[in-house]
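Visitor: sequence-free structure coming up:
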C-alpha cells in the first residue's frame, strides 16, 4: 500500500459527525470549563510576551512579575529608531511574498498536471515530491552556502527566495493536488470541448474554483517562509537579514534586550493572527498534508 | 481529417502539455533540492575545509568513521533521539487529551479551536525566546512561581539537569495544539452511526473512546506522529535560541552539531556527514511508519 492511498484512506470518511458526544447534563459544563481553561493556559506565554513588550525596562527585569503597570510604546519606538527594524521587516515581507507567488504558480501548474492529466509514472512523481518535504534543511544548508558564495548570492533576496521556493514547493504541490482532486471535472470537460487550451482552462475555470485551496497553500508557504531561521541565519549577514534572525540577535552574551525582543515578536506574530482569523477553516487540512479534511 | 487519425495526435499533444505543466516544478526541485542533497553527500566523502577550498581531497568513509569514534557525536545522537521521542510522546498524550476535551457540543468550540492554532503559527525562534524569558533565573515568571511556593529553583536553561527538559517543554508547548487539532478533526470524521450503535450496545463513554474511536482514527494518529517525529529530528531553531546546544553539549541536537562543526570549525566534510545521519534517520522513520500504516488498513 502506498502512502498516497494511506493518506487518502485517512480522509475516506467524509461524513462529519454533526452531533458531538452525548453525555449527562452535568458533564458537558465541567468539560467546557476545562476546555476553556486549557486553551487559556496554552495561550498564556503569548499573552505574557505581549504584555512584556509594553512594559518599561524596570518592570521587565523585576523579580516580582507585574500585571498592572503604565504601558509604554518605548520598546516599539526603539525597535524602529535604534535597530532599523523597518528595513528588516521590509526584507522579510519582500522575500516571503515573492516566494509565495513563485511557489503558487509552479505548484498550481504541476498539481493540475498530476491531478487531471495522464502523466507517465504519475504516482511515483507525486510520492517523490512529497518525500522532499521531509528532507532535513541542514543537509542542504552546507552545499547552498558553498554555491551561494561562488555565485555571489550570499546576503541577497534572490539567494533566500530560491531556497524558500524549493523548500515549500513539495508541500504546495501535494496540497494543491488534493484540492484539485475535489473539483468536479465536468466544467473542464465542457471547456475542452469548446476548444479552450489547458492553460486557458487553468486560468479561467480552475483557479477561480480552487481559490480557497490556493489561499490556504499560500498561507502555509507564508508562515513557513516568514518563520524560517536556519537558512536566513546562515546565508544573510546584513543587507537581507530577516525578522527571526533579528529577533534572536537581541540575545547578547551577557544581557538580553527583552523589551525590544518582545516588541519584535509581537510584530512578527501579528500577520499570523490576521491569517488565522481570515482562513481558519482551511488550516487544519493543510497541517496534515491533506490527510484530514 | 478523420476522427480516428486525429485522436492519437490529440493524445500526444495532451501528453506534451502535461509534461510542460509539470516540468518547471520538477526541474526546479531537481536543481534546488536533489542536486544540493547529492552535493552534500559528495562533501561528506571529502576532506573539505571551508577556509582551504583549494585543498579538498577524497577521504572515503573517514568522516563517518570519525563520527563513530567521537563522544560528542554519540551524545548528540542520543540527545536528538531523547528530544524527539519524549517530546512527541508527551505531545501525543496531551494533544489527545485536549482533543477529547474539545470534542463536544459547546458554543465556544469553534473559537477555542481557532485560538489553539496560534501557538502553531508562531516562529520557533519567538516561542523559544518567550520561554527563555519565562525560565530566566532572577526575573523569570517560573522562578517567581517556584519561589512563592517554596520550591527549589535553578538557572534552568544553563543547568546540566534541566536544559534538555526545558527545551522539550517549550517544544511540547508549541506543538501539542497541532497534535490536538489534527486528532480532533480525525475524531470528528468518525461517523455518528458508528458511535450511536456503540451507545445502543451499552458502551460507556470511556469504552467508546478506546474501543471504537481510537481504532478508527489510528491512521490519523500515525500520520501526526510521523510528521512530528520527522520535524523533531530535524529541529534546529528552538534549541539554538534557547541554549545554543549547551551547557557543554547536553542539548546539542544533530542539526546544531552539524551547524557548529561546519561554521565554527569550518569542517564541511564532517558537518555534511552529520547532516546525512539525520537524512538516514528520517528515511528509516518514514519506512517504519509506512510499514505500520499499511498494516492498519
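Guide: Thanks, I have it. Just so we're clear, the structure is a prediction, and the values are computed from it rather than from any experiment.
Visitor: quick one: the strands in chain B?
Guide: Applying DSSP state E to chain B gives strands spanning B:46-47, B:57-58.
Visitor: Any idea which of these has the lowest pLDDT on average?
Guide: Mean pLDDT is lowest for strand B:57-58 among these, at a mean of 88.
Visitor: who does it pair up with?
Guide: Strand B:57-58 pairs in its sheet with strand B:46-47 (antiparallel), by DSSP bridges.
Visitor: Any chance you could list what contacts the partner strand?
Guide: Here strand B:46-47 makes contact (CB atoms under 8 Å, 6 or more residues apart in numbering or on different chains) with B:55-59, B:62-63, B:269. Heads up, the C-betas are built off the backbone N, CA and C, glycines and all.
Visitor: go again using 6 Å as the cut-off
Guide: Residues external to strand B:46-47 that are found in contact with it (CB atoms under 6 Å, 6 or more residues apart in numbering or on different chains): B:56-59, B:269.
Visitor: Now tabulate these in CSV and tack on neighbour count.
Guide: Shown next, in CSV, are the contacts of strand B:46-47 (neighbours: other CB atoms under 10 Å in any protein chain shown):
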residue, neighbour count
B:56, 14
B:57, 8
B:58, 9
B:59, 18
B:269, 27
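Visitor: with these in mind, which one is nearest to chain A?
Guide: Nearest to chain A among the contacts of strand B:46-47 is residue B:269, at 9.5 Å by CB to the nearest CB.
Visitor: burial of the nearest residue to that closest one once chain neighbours are set aside, as a residue count?
Guide: Counting by CB to CB, 6 or more residues apart in numbering or on different chains, residue B:48 is the residue found nearest to residue B:269 once chain neighbours are left out, at 4.2 Å. Applying other CB atoms under 10 Å in any protein chain shown, we find 25 residues neighbouring residue B:48.
Visitor: Please name the residues that touch residue B:48.
Guide: B:56, B:268-269 are the contacts of residue B:48 under CB under 6 Å, 6+ apart.
Visitor: just for the chain, where's the confidence low?
Guide: Going with chain A. Judged by pLDDT under 70, chain A has its weakly predicted residues at A:1-28, A:279-293.
Visitor: try chain B instead
Guide: Using pLDDT under 70, the flagged stretches of chain B are B:1-7, B:296-297.
Visitor: May I ask you to name the longest helix in it?
Guide: helix B:71-102 (DSSP state H).
Visitor: other SSEs contacting that helix?
Guide: helix A:27-52, helix B:163-187, helix B:218-233, helix B:254-263 (3 or more CB pairs under 6 Å, 6 or more residues apart in numbering or on different chains; DSSP states H and E).
Visitor: Give me the domain ranges for chain B.
Guide: Domain assignment for chain B, taken from automatic domain parsing, gives B:3-44, B:65-296.
Visitor: Quick check: which of the ones you listed is nearest to residue A:57?
Guide: domain B:65-296 (10.9 Å; CB to CB).
Visitor: who wins for proximity to residue A:141 among the helices and strands packed on helix B:71-102?
Guide: Residue A:141 sits nearest to helix B:254-263 of all those, at 7.4 Å, using CB to CB.
Visitor: Any residue of the host helix or strand of residue A:77 touching chain B?
Guide: Assessed by DSSP states H and E, residue A:77 sits inside helix A:74-81. No. Helix A:74-81 does not reach chain B (CB under 6 Å from any CB of the partner chain); its nearest approach is 13.2 Å.
Visitor: try stretch A:98-111
Guide: Yes. Stretch A:98-111 comes into contact with chain B (CB under 6 Å from any CB), by way of A:106, A:109-110.
Visitor: Could you tell me how many residues sit around residue 135?
Guide: Just so you know, I chose chain A. By other CB under 10 Å, 22 other residues sit near residue A:135.
Visitor: you looked at the wrong chain, it should be chain B
Guide: Neighbours of residue B:135 (other CB under 10 Å): 22.
Visitor: Pull the contacting residues for the closest residue to it other than its chain neighbours.
Guide: Nearest residue to residue B:135, sequence neighbours excluded (CB to CB, 6+ apart): residue B:156, at 4.2 Å. By CB under 6 Å, 6+ apart, the residues touching residue B:156 are B:135, B:162, B:166.
Visitor: and which of the residues you listed is nearest to residue B:176?
Guide: Taking CB to CB as the measure, residue B:176 lies nearest residue B:166 of the contacts of residue B:156, at 15.8 Å.
Visitor: What is the burial count for that closest one?
Guide: 24.
Visitor: State the distance from it to chain A.
Guide: Using CB to the nearest CB, to the nearest Å, we find residue B:166 at a distance of 13 Å from chain A.
Visitor: what sits against that residue?
Guide: B:135, B:156-157.
Visitor: what sits up against stretch B:121-133?
Guide: Stretch B:121-133 is contacted from outside by A:45, A:49, A:223, A:227, A:229, A:244, A:247-248, A:258, A:265, A:268-269, A:272, B:170, B:174, B:237-238, B:241-242, using CB under 6 Å, 6+ apart.
Visitor: Return the subset of these lying in helices.
Guide: For those, the ones inside helices are A:45, A:49, A:223, A:227, A:244, A:247-248, A:258, A:265, A:268-269, A:272, B:170, B:174, B:237-238, B:241-242, with DSSP H as the criterion.
Visitor: Output the set of residues of the stretch 151-297 of chain B in proximity to chain A.
Guide: When proximity is defined as CB under 6 Å from any CB, the stretch 151-297 of chain B approaches chain A at B:181-182, B:185-186, B:188-189, B:191-192, B:219-220, B:223, B:230, B:234, B:236-237, B:241, B:255, B:258, B:262, B:268, B:271-272, B:275, B:278-279, B:282, B:290, B:293-294, B:297.
Visitor: Buried only: go through these for me.
Guide: Among those, those that count as buried by neighbour count (16 or more other CB atoms under 10 Å in any protein chain shown) are B:181-182, B:185-186, B:188-189, B:219-220, B:223, B:230, B:234, B:236-237, B:241, B:255, B:258, B:262, B:268, B:271-272, B:275, B:278-279, B:282, B:290, B:293.
Visitor: I'm done for today, thanks for sticking with me.
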